[in-house]
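Student: Fold the following and give me the result.
(one chain, ligands or ions: 2)
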Amino acid sequence: MKQTNTILVTGGAGFIGSNFVLSWIEAVGTPVVNLDLLTYAGNAENLASLEGDPRHLLVRGDINDAELVGSLLREHRPRAIIHFAAESHVDRSIVAPDAFISTNVHGTFTLLDQAKRFWSALDDEGRRDFRFVHVSTDEVYGTLGPDDAAFSETTAYAPNSPYAASKAASDHLVRAYHHTFGLPMLTTNCSNNYGPFQFPEKLIPLMILNALEGKPLPVYGDGGNVRDWLYVEDHCSAIRSVLERGRPGETYNIGGNCERKNLDVVNAICDLVDEMAPPLPDQDSRRKLITFVQDRPGHDRRYAIDASKIARELGWSPAERFESGLRRTVRWYLDHRAWTDNVRSGAYLEWIDHNYAERLAR
Ligand code: NAD
Ligand code: DAU
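Tutor: Ligands and ions are numbered 1, 2, ... in the order given. Model prediction:
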């Protein structure tokens, strides 16, 4: 059996997945089959610009549905799978971990097993050329002290949240399917992404929208936790590099070389919203909306990525600077109020109530 030049993307209606599909169609242009359950985090509207485009097929379905996954593989015979589908929000994994185990662990297993069956039936050339890229996170490595070296591909796994543990489990399954069966797997472990279409439960879009609307800006703990930030388009270009030039069986860390304290990120957002949106009624700076609230349980203090392997082997490095990327992102949220109104439905409001009502201001 021979492959086509189609790729199968899972979770391609979520934040990174939809950015990936849009940039793939623009940069590469070969067909994409997009399997997405359209959970609260998935939104077909992100892909509205592809409506009627024969190169994109959105299939609503679960990666846990072995029959569906198998039939999509047999019907479309993709040359690669890019696996984004996941439950992705750490705070939700603390409140309700079940879905994280189901999708991130069992769903990844189902996908791997169906991929293995499909790949085994390919001819020699097809088996050699097939790729499965598993999109994972730096959170599998745990937390760093202020002077610790950044996470490298050989850092020991030490996941601290149910989300991170579920992603670590999926990474181990991927490793085993390569080692045991020879499935041509590649794993990427990336730091915090930001940019268009990010669901406003995550730090940057939540703070932009709250700042715009004059609502409190809930900073967990002392605001001194550090994250490494990468503009989403740079993550997408890194994944394309790994797909085309990465060595099967390898792991690649991806990062922006851009560590920032949460409080500094929130201050920068306040200043940008002050500059770009109408002033608050009292004309005061939006920084005054910052409210320190009860910390996230088990909150990792610092993430930092050593991305020298992907730079050395694949020639990838990020193109966007944080300051210009954040400005573009604030602009995007200000210009897409219909999108933000749509995604902040009843279910979203229930989550915000649940997560923040009991986090008393400190
Ligand atoms: P997201 O929550 O925005 O999107 C997840 C998508 O997966 C949604 O479209 C959702 O509908 C879909 N999905 C969920 N369960 C599914 C299922 N059972 N079957 C099919 N589809 C399902 O997530 P994101 O932020 O775009 O993250 C995408 C991937 O990248 C995840 O695997 C995440 O772990 C990883 N990652 C994210 C970041 C980040 O900063 N957001 C950083 C590194 C790695
Ligand atoms: O590091 C990669 C990970 O980055 C991805 O694997 C996850 O899918 C993604 O959600 C992200 O995880 P974080 O927990 O780092 O992202 P989040 O936006 O939830 O939080 C970023 C930081 O901001 C974190 O230190 C917690 C803090 N925070 C977050 C929220 C939502 C606040 O202080 N207040 C908030 O209201």
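
Student: ok, so what distance separates the nearest residue to residue 64 once chain neighbours are set aside from ligand 2?
Tutor: Spatial nearest neighbour of residue 64, chain neighbours left out: residue 107 (4.9 Å); criterion: CB to CB, 6 or more residues apart in numbering. Every C-beta, even on glycine, is put in place using the N, C-alpha and C of the backbone. Per CB to the nearest ligand atom, to the nearest Å, residue 107 is found 15 Å from ligand 2.

Student: Residue 183 now?
Tutor: Residue 183 is 23 Å from ligand 2, by CB to the nearest ligand atom.

Student: Isn't that residue up against residue 113?
Tutor: No: the criterion here is CB atoms under 8 Å, and residue 183 misses it with residue 113 at 9.8 Å.

Student: Tell me which of the two has more neighbours.
Tutor: residue 183 (23 against 17; other CB atoms under 10 Å).

Student: Skipping adjacent residues, who's closest to that one in space?
Tutor: With CB to CB, 6+ apart, the residue lying closest to residue 183 is residue 177, at 4.5 Å.

Student: show me the contacts for the one you found.
Tutor: 112, 115, 116, 183, 185 (CB atoms under 8 Å, 6 or more residues apart in numbering).

Student: do residue 215 as well
Tutor: Going by CB under 8 Å, 6+ apart, residue 215 touches residue 289.

Student: Just say helix, strand or coil for it.
Tutor: Using DSSP: H, G, I helix; E, B strand; the rest coil, the secondary structure recorded for residue 215 is coil.

Student: With residue 146 instead?
Tutor: coil.

Student: and what of residue 200?
Tutor: Secondary structure, three-state DSSP: residue 200 is coil.

Student: And the residue in the stretch 51-200 of the chain positioned nearest to ligand 2, what's its pLDDT?
Tutor: The nearest approach of the stretch 51-200 of the chain to ligand 2 comes at residue 137, 3.1 Å away (CB to the nearest ligand atom). Residue 137 is assigned a pLDDT of 99 by the prediction.

Student: Show the contacting residues for it.
Tutor: Shown in contact with residue 137 (CB under 8 Å, 6+ apart): 164, 167, 189, 190.

Student: So in terms of bridging, what pairs with the third one?
Tutor: Spelled out, that is residue 189. residue 136, residue 253 (DSSP bridges).

Student: mind checking which helix or strand of this protein has the lowest mean pLDDT?
Tutor: helix 346-357 (a mean of 87; mean pLDDT, DSSP states H and E).

Student: sorry, back to before: tell me the one among the contacts of residue 137 nearest to ligand 1.
Tutor: Distances from ligand 1 to the contacts of residue 137, taken by CB to the nearest ligand atom, are shortest for residue 190, at 3.9 Å.

Student: residues in the stretch 1-150 of the chain within reach of ligand 1, list them.
Tutor: By the rule CB under 6 Å from any ligand atom, the part of the stretch 1-150 of the chain lying against ligand 1 is 10-11, 13-17, 35-39, 41-42, 62-64, 84-86, 88, 103, 107, 135, 137.

Student: For residue 52, the count of nearby residues, please.
Tutor: Residue 52: 5 neighbours (other CB under 10 Å).

Student: so where does it fall, helix or strand?
Tutor: Secondary structure assignment for residue 52, by DSSP states H and E: no helix or strand.
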